[in-house]
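[1] sequence-free structure coming up:
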């Protein structure tokens, strides 16, 4: 069992930056693939970014490539999402997720989810 808690969301102007954090409980964090998803009102939850258990491989959704950076610190049981050049269309609830499978953009491949943190980008 892994408990995930996101933090760092908030309100920011377009063009600004935010850094999300996801703290994980348990001693096996380093064995999980980690990911970030987001869900805007009335839309499906979509993949944002994923990172391998060691951090040597990353994978991004097309809409955030070049603007967002995923990273992890296994010593701190924490993963991060640095979001730069934010746009109003990035407004959503952002979810942290953990997977016991390979690096993936598929929601059903992730076994554990956080409660989400709201990110709002004003124009």
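    Perfect, I can see it now. Everything numeric here is computed off the predicted structure, so don't read it as measured data.

[2] the spatially most central residue of the chain and residue 98, how far apart?
    With distances taken as Cα atoms, centre = their mean, residue 36 lies nearest the centre of the chain, 2.3 Å away. Using Cβ to Cβ, to the nearest Å, residue 36 is found at 11 Å from residue 98. The C-beta positions use only the backbone N, C-alpha and C, and glycine is treated the same way.

[3] give me the mean pLDDT for stretch 114-123.
    Averaging pLDDT along stretch 114-123 gives 97.

[4] can you pull the buried residues of that stretch?
    114, 116, 117, 119, 121 (16 or more other Cβ atoms under 10 Å).

[5] show me these that map onto strands.
    Among those, the members found in strands (DSSP state E) are 117, 119, 121.

[6] show me where this structure has strands.
    According to DSSP E, the chain carries its strands in the segments 4-7, 10-13, 18-24, 33-39, 46-51, 58-60, 68-73, 78-83, 92-99, 112-113, 117-122.

[7] which residues sit against the first one?
    Going back to what we said before, that points to strand 4-7. By Cβ atoms under 8 Å, 6 or more residues apart in numbering, the residues outside strand 4-7 that reach it are 20-25, 94-98, 112-117.

[8] can you give me the neighbour number for residue 75?
    8 (other Cβ atoms under 10 Å).

[9] quick check: the gap between it and residue 29.
    Counting by Cβ to Cβ - residue 75 and residue 29 are separated by 9 Å.

[10] and for residue 102?
    17 Å.

[11] show me which of these two is the more surrounded one.
    residue 29 (22 against 11).

[12] now do the more buried one against residue 66, distance only.
    Distance from residue 29 to residue 66, by Cβ to Cβ: 27 Å.
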